[in-house]
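Visitor: I need the structure of the sequence given here:
(2 chains)
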Amino acid sequence: MDTRWWATFSLAVWATFIASVLWLCVAATVNADDLVTMQNDPNQWVHPGKNYALTRFSELNQINTKNVRNLKVSWTMSTGVLRGHEGSPLVVGDTMYFVTPFPNIVYALDLTQPGANIKWKYEPKQDSAVIPIACCDVVNRGVAYADGKILFNQLDAATVALDAKTGKELWKVQQGDFKQGQTITMAPIVIKDKVITGISGGEFGVRGFVTANDVNTGKQIWRAYSTGPDSEVLIGKDFVPPYKSHEGKDLGVTTWKGDEWKRGGGTTWGWYSYDPELNLLYHSTGNPGSWNPDQRPGDNKWSMSLFARNPDTGEAKWAYQMTPHDAWDYDGINESVLVDLNIKGTNHKALVHFDRNGFAYAVDRTTGKVLLAKAFVNVNWAEDINLETGLPIENPEKRTKQGTNVKDICPAAMGGKDQQPVSYSPRTKLFYVPTNNLCMEYEGTEVSYMAGVPYVGAIVKQYAGPGGHRGEFLAWDASTGTKKWGIKEKWAAWGGALSTAGDVVFYGTMDGWFKAVDAVSGKELWKFKVGSGIIGSPMTYRGPDGQQYVAVLSGVGGWSGLVVAGDLGTDDPTAALGAIGAFGELGKDTTKGGMLYVFSLGGAPRQVAKK
Amino acid sequence: MISKALFFLTALIILSPSLVESEAPTTPNTQFRVCADPNNLPYSNQKLEGFENKLVDLLAKELKQEVTYTWWPQRRGFIRNTLAAGRCDVVMGIPENVDAVLTTKPYYRSAYVFVSPKAANYNIISFDDPQLQSLKIGVHLIGDDYSNSPPAHLLSSKGIVKNVVGYSIFGNYGEDSPPGKIIKAVADGEVNVAIVWGPIAGYFAQKQSVPLTITPVPTEASLPTLPFAYRIALGVRRGDTQLREKLNDLLNRKSQEINKILTEYGVPIIQDLRTER
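Guide: Got it, this is the predicted structure:
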């Protein structure tokens, strides 16, 4: 046997012993109610994005660049659901929690047991009529934890609080009506005593909103809409517009024609972040709803915008619209990661947002002014972002029009990056970004028949961009807007990223490889083929036995993986809004299935005494 | 309360449409298996009140088959989840030559129509009517991007956008037949005129307390890629030529009875003067 391997292994065992002692001390002293404190405990993973800043970075380093090649499966579990598994589990104390795609089963697993037995399981009762009404895949991006409660959203637009110990339902509120096209797929965020959630359904003309409910009772505290009068967008005296084009009263009405803002889209289904020091919640809004761009002249505010809001009142501090008058479906919902950036010698409290439109924005998170914006994938719809005006410098040839086949638009509607969240390592000062390399053709000629009316739909054909690969996992320096390295992937990198203090970065691929790469060089260090393609986001925690574990949900699906999860035929390249053109062959590389995989250096967890 | 076993059975059926794979018919020919929208008059509903329900009865009777329905809202993924998933063998209304399915010969042709209160006497017969610049016009909204009804596209190409009001084709699915709402909006004076697909206009106009005028949009208005009149056929799975031939034969033999049903439901029938697609 390789003696070097033994040395590493013994060291790891020794370290885990010390760690397990430490773990018990930490667990005993942490104030269970304080999420700001809890997020800094490397043993637990209490927010979907690890912390309020959404860095998805863990201080754990038991697994590192030297030993990650010895990583092995500790245990696995079938989720019992076959659709796309986005998001990641949480670990709070000695329990792991996660939620499946529809029917949205919530599991609590006992990590003190070698097989991580199911502590409890909660199965919501949802009307199955929600499935045909939610258009595409039926994903869910995770649960939130607060104050002894597990909070999650159901596809049928209910927010639910469960007792974290027993799984007993504490309260349930309906945020919308799925019969009107309102559904929820996002993970909630808890800030102080409020649970904050958004809404999906932009293509059914749902008017986006963000809602805060009392975490103890479910009572609605505030709701802020994405379109409409300032009084409903919650733009008041605290609001400071970052740019001239953002000044004026009721832009959520006046940048639309007639009352179209009532069906204005701007849905809010991404991951939210929070800066406790500034007391600001950050979220963003999706594409304008229901109409071809020709029928909704104007900027269509506040679709495609970043928002900073006071979480206590919902009042907006600033808002910045990235893509005015969208004509490409560059849904602006991607997450904003809160980091401090040194740009050209000056320190900034920044947020970094990799948008569907292909630009990586570094924005001053106190004002909403763009500090730096650089294309992080192949982009040709705009030349650049004007930092004086905040507006994109558009390439007019790439603006889509009814009746014209606009070819070779990059990125495609799926964007330079979609829901798959990035990770930021304060050690390397790099962002790890799972991206899509897709372009599209856009032609409005196809006749179809929906709800018994003939209509003209766009033919959107999405296909692999330059190079022929459909994705790339890259390391990005946000302070200069430059790429450090990239790993080309056959399929879009549709799963999220995790970085650790072991300088290892983890991500999964749609063809089912779970990979560990060197955070500095991008060199592949380890990989494991899981049962189904990965569109979820890996997380890490230290178990009660002191071992560091890495967990990821496998289960292909989502918009890009619908061809497999939804059994779509591959004959029509324009089906699923053009996803089939790019992903039609995915079924040759993976099959559907929902599984949780957990890895460690030592293999199976060791039994620990119950506290 | 739904039992756990039943729930899983339901989930299995819902989540695994491929269990019954297409192509090879798995059921004996004793059943006329239809997929239809449970809440979409004048076409179909669960109470079997639509004209497509009546046609189903007519065809199944001729074939001496028993009717079974699979209900699924007509939205994105309708064909994928119904015909293509093997849940049924026939859908009752689909434009001729739509790629996703194999279509029979068309059994009616209709067009988009102008709908306005008779008393208003607008007499609109063309998209060039200057009144359309100022009247409040209702049209159906379908989705975002470029998925909208032909009148919405033509109006925007003529720069008529400020006075156009969109009514979601999906509406509130908790209410009866949401697409009919736009016709009520004309009767109630919410909009002055609506430009609506004929079968919806014809049926719901009969239900209003105010008399409404219905005038087909001139098919000459059609842009090359934007027809305003469509031939509607039955759809079967791609490759199922046997069933198509059987249905074609029935449609020929029963055309008079079919026309009678369509007329009862107020479907504006446009005679086939020219080919539009």
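
Visitor: which residue packs closest to residue A:218, ignoring adjacent ones?
Guide: Of all residues not flanking residue A:218 in the chain, residue A:171 sits nearest, at 3.7 Å (Cβ to Cβ, 6 or more residues apart in numbering or on different chains). From N, CA and C alone the C-beta is placed, and that goes for glycine too.

Visitor: neighbours around that neighbour, how many?
Guide: 17 (other Cβ atoms under 10 Å in any protein chain shown).

Visitor: cool, and residue B:252?
Guide: By other Cβ under 10 Å, the burial measure for residue B:252, its neighbour count, is 10.

Visitor: doesn't it fall inside a helix?
Guide: Yes - the secondary structure assignment for residue B:252 places it in a helix, going by DSSP: H, G, I helix; E, B strand; the rest coil.

Visitor: tell me where the stretch 151-277 of chain B has strands.
Guide: Under the criterion DSSP state E, counting those that start in this stretch, the stretch 151-277 of chain B carries strands at the ranges B:164-168, B:193-197, B:212-216, B:229-236.

Visitor: turn those strands into TSV, including distance to chain A, mean neighbour count and mean pLDDT.
Guide: Shown next, in TSV, are these (distance: least, Cβ to the nearest Cβ, whole Å; neighbours: other Cβ atoms under 10 Å in any protein chain shown; pLDDT from 0 to 100):
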stretch	distance to chain A	mean neighbour count	mean pLDDT
strand B:164-168	5	23	91
strand B:193-197	4	27	98
strand B:212-216	14	18	96
strand B:229-236	5	25	95
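
Visitor: which strands and helices sit next to the helix or strand hosting the residue nearest to residue A:218?
Guide: Using DSSP states H and E, residue A:171 sits in strand A:169-174. Here strand A:169-174 is seen to pack against strand A:158-163 when contacts are counted using 3 or more Cβ pairs under 8 Å, 6 or more residues apart in numbering or on different chains; DSSP states H and E.

Visitor: give the partner strands of the strand it packs on in its sheet and their orientations.
Guide: Neighbouring strands of strand A:158-163 in its sheet, by DSSP bridges, are strand A:149-153 (antiparallel), strand A:169-174 (antiparallel).

Visitor: okay, now the unreliable bits of the chain?
Guide: Answering for chain A, as no chain was given. When residues are selected by pLDDT under 70, those of chain A lie in A:1-33, A:135-136, A:444-445, A:567-577, A:609-611.

Visitor: that was the other one, I meant chain B.
Guide: For chain B, the stretches flagged by pLDDT under 70 are B:1-28, B:221-225, B:273-277.

Visitor: which one's the longest strand in it?
Guide: Ordering each strand of chain B by length in residues (DSSP state E) puts strand B:108-117 first.

Visitor: that strand vs strand B:229-236, what angle?
Guide: Taking axes from the mean of the first three to the mean of the last three Cα atoms, to 10 degrees, one finds strand B:108-117 and strand B:229-236 inclined to each other by 130 degrees.

Visitor: right, and the helix or strand after strand B:108-117?
Guide: Moving toward the C-terminus from strand B:108-117, the next helix or strand (DSSP H and E) is strand B:137-141.

Visitor: please list the residues outside that next one that contact it.
Guide: Residues from elsewhere that reach strand B:137-141 (Cβ atoms under 8 Å, 6 or more residues apart in numbering or on different chains): A:205, A:263, A:290-291, A:453, A:455, B:148-149, B:151-152, B:155, B:160, B:163-169, B:179, B:182, B:185-186, B:190-197.

Visitor: mind doing that once more with 6 Å?
Guide: The list of residues contacting strand B:137-141 from outside it, by Cβ atoms under 6 Å, 6 or more residues apart in numbering or on different chains, reads A:290, A:453, B:149, B:151-152, B:163-169, B:182, B:185, B:191, B:193-195.

Visitor: dump the strands paired with strand A:158-163 into TSV; add distance to residue A:355 as well.
Guide: Shown next, in TSV, are the strands paired with strand A:158-163 (distance: least, Cβ to Cβ, whole Å):
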stretch	distance to residue A:355
strand A:149-153	23
strand A:169-174	31
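
Visitor: which of the ones you listed sits most buried?
Guide: Scoring the strands paired with strand A:158-163 by mean neighbour count under mean count of other Cβ atoms under 10 Å in any protein chain shown gives strand A:149-153 as the most buried, with a mean of 26.

Visitor: only alpha carbons, please: show it as CSV.
Guide: What follows is strand A:149-153 as a C-alpha-only set of coordinates in CSV (Å, rounded to 0.1, in the frame of the first residue of the first chain):
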residue,chain,number,x,y,z
LYS,A,149,-37.9,26.0,12.1
ILE,A,150,-37.5,24.7,8.6
LEU,A,151,-39.0,26.9,6.0
PHE,A,152,-39.7,26.1,2.4
ASN,A,153,-41.9,27.0,-0.6
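
Visitor: list the contacts of residue A:202.
Guide: When the contact criterion is Cβ under 6 Å, 6+ apart, the partners of residue A:202 are A:265, A:267, A:286-287, A:289.

Visitor: mind putting the residues you listed in TSV, secondary structure included?
Guide: Converted to TSV, the contacts of residue A:202 look like this (three-state DSSP):
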residue	secondary structure
A:265	strand
A:267	coil
A:286	coil
A:287	coil
A:289	coil
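
Visitor: chain B next: which of those are close?
Guide: With Cβ under 6 Å from any Cβ of the partner chain as the criterion, the members of the contacts of residue A:202 in contact with chain B are residue A:289.

Visitor: just the closest of the contacts of residue A:202 to chain B, please.
Guide: Of all the contacts of residue A:202, the one sitting nearest chain B is residue A:289; the distance, using Cβ to the nearest Cβ, is 5.3 Å.

Visitor: what sits against that closest one?
Guide: For residue A:289, the contact set (Cβ under 6 Å, 6+ apart) comprises A:202, A:205, A:263-265, B:144.

Visitor: one more pass at 7 Å, please.
Guide: Applying Cβ atoms under 7 Å, 6 or more residues apart in numbering or on different chains to residue A:289 gives the contacts A:202-203, A:205-206, A:263-265, B:144.

Visitor: look up the residues forming beta bridges with the closest residue to it other than its chain neighbours.
Guide: Closest residue to residue A:289 apart from its sequence neighbours, by Cβ to Cβ, 6+ apart: residue A:265 at 2.6 Å. In this structure, residue A:265 has beta-bridge partners residue A:288, where bridges are defined by DSSP bridges.

Visitor: try residue A:373
Guide: Beta-bridge pairing of residue A:373 under DSSP bridges involves residue A:361.

Visitor: contact partners for it?
Guide: For residue A:373, the contacting residues are A:359-361, A:385, taking Cβ under 7 Å, 6+ apart as the criterion.

Visitor: and those as CSV, adding neighbour count?
Guide: Written out in CSV, the entries for the contacts of residue A:373 read as follows (neighbours: other Cβ atoms under 10 Å in any protein chain shown):
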residue, neighbour count
A:359, 26
A:360, 26
A:361, 26
A:385, 20
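
Visitor: check these and tell me the two furthest apart.
Guide: Checked with Cβ to Cβ, those reach their widest spread between A:360 and A:385, with 10.1 Å between them.

Visitor: can you give me the separation between the residue of the stretch 51-200 of chain A at minimum distance from chain B and residue B:176?
Guide: In the stretch 51-200 of chain A, the residue found nearest to chain B is residue A:179; the distance is 3.9 Å by Cβ to the nearest Cβ. Remark: distance between residue A:179 and residue B:176 (Cβ to Cβ, to the nearest Å) = 12 Å.

Visitor: can I assume residue A:224 sits in a strand?
Guide: Yes - if the criterion is three-state DSSP, then residue A:224 is within a strand.

Visitor: dump stretch B:31-39 to CSV, restricted to CA.
Guide: Once non-C-alpha atoms are left out, stretch B:31-39 reads as follows in CSV (Å, rounded to 0.1, in the frame of the first residue of the first chain):
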residue,chain,number,x,y,z
GLN,B,31,-61.6,2.7,-26.6
PHE,B,32,-61.6,6.1,-28.1
ARG,B,33,-58.9,7.8,-26.0
VAL,B,34,-59.0,11.5,-26.1
CYS,B,35,-56.9,14.2,-24.3
ALA,B,36,-58.7,17.4,-23.8
ASP,B,37,-58.7,20.6,-21.7
PRO,B,38,-61.1,20.2,-18.7
ASN,B,39,-62.0,23.9,-18.6
